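Undergrad: Using only what follows, build the 3D model:
(chains A and B)
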Amino acid sequence: QSVLTQPPSVSAAPGQKVTISCSGSSSNIGNNYVSWYQQLPGTAPKVLIYENNKRPSGIPDRFSGSKSGTSATLGITGLQTGDEADYYCGTWDGSLREWVFGGGTKLTVL
Amino acid sequence: EVQLLESGGGLVQPGALRLSCAASGFTFRNYVMNWVRQAPGKGLEWVSGISGSGDSTYYADSVKGRFTISRDNSKNTLYLQMNSLRAEDTAVYYCAKDRAVTTPYLFDYWGQGTLVTVSS
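TA: Below is the predicted model:
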């Protein structure tokens, strides 16, 4: 059971928009920055979003992040088949003194 | 170019194993380093982190008391000593560079991972 809760799967058609939620508590999301990671099949994860809503260089603006209270959301617009991957949210938990990941969400582009 | 190269994985009976991560392309001592694992078909699980100086270490509850993270800043190398290994420790272990100096904050570069299989 992950400390951060994500939906196991989401799906949408090419060109559409999808959002992935990440729910936590005041000890983690509520008081720390959230980052999002994309893991394409058979590869290592890579960071998509950091500090809740910032994109590293090279990440297209189709990817966006937001945070409100103890929840965070990853948004992906203009879906492409190449976006099919597992997506993870993560943050520091000040009470556990551990980094925590969400359980991951598998995105299917139909 | 940042490069992280893990080594030391393999098939091990319940026992001990040490993983290494050779880093290059950045000032190693300036950043937190982490180990993150992924069991077959499962999600990511953060295992441990260590501050740039090595003075502070952090562990997931699942490995506390069994695993020890360390670093040699003169060799730009991160280590994970894994003792009392269990079948549930079977996973791909990734080395991940952080952007912070003292506490895990953002994993901006990842290695390709090394597979550890624990089986009697």
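
Undergrad: Chain A contacts on chain B?
TA: Neighbours of chain A within chain B, by Cβ under 8 Å from any Cβ of the partner chain: B:34, B:36, B:43-46, B:49, B:58-61, B:94, B:99, B:103-108, B:110-113. All C-beta atoms are positioned from the backbone trio N, CA, C, and that covers glycine.

Undergrad: which ones are touching residue A:69?
TA: Residue A:69 is in contact with A:29, A:30, counting by Cβ atoms under 8 Å, 6 or more residues apart in numbering or on different chains.

Undergrad: coming back round to it: please list only the buried members of the residues of chain B next to chain A.
TA: With neighbours counted by 16 or more other Cβ atoms under 10 Å in any protein chain shown, the residues of chain B next to chain A contain buried members at B:34, B:36, B:43-46, B:49, B:58-60, B:94, B:99, B:103-108, B:110-111, B:113.

Undergrad: tally of neighbours for residue 18?
TA: No chain specified, so I'll use chain A. Neighbours of residue A:18 under the rule other Cβ atoms under 10 Å in any protein chain shown: 19.

Undergrad: right idea, wrong chain: chain B
TA: Neighbours of residue B:18 using other Cβ under 10 Å come to 13.

Undergrad: Bridged to it, which residues?
TA: residue B:81 (DSSP bridges).

Undergrad: try residue A:68
TA: For residue A:68, the beta-bridge partners are residue A:71 (DSSP bridges).

Undergrad: quick one: the strands in the chain?
TA: If you meant another chain, say so; for now it's chain A. Listed in chain order, the strands of chain A (DSSP state E) span A:9-12, A:18-23, A:35-39, A:46-49, A:63-68, A:71-76, A:85-93, A:98-101, A:105-109.

Undergrad: please go with chain B instead
TA: Secondary structure of chain B by DSSP E: the strands cover B:3-7, B:10-12, B:17-24, B:33-38, B:44-50, B:57-59, B:67-72, B:77-82, B:91-98, B:107-110, B:114-118.

Undergrad: Within its sheet, name the partner strands of the lowest-mean-pLDDT helix or strand in chain B and how each one runs.
TA: Of the helices and strands making up chain B, the lowest-confidence element is strand B:10-12, at a mean of 94, by mean pLDDT, DSSP states H and E. Looking at strand B:10-12 with DSSP bridges, its partner strands are strand B:114-118 (parallel).
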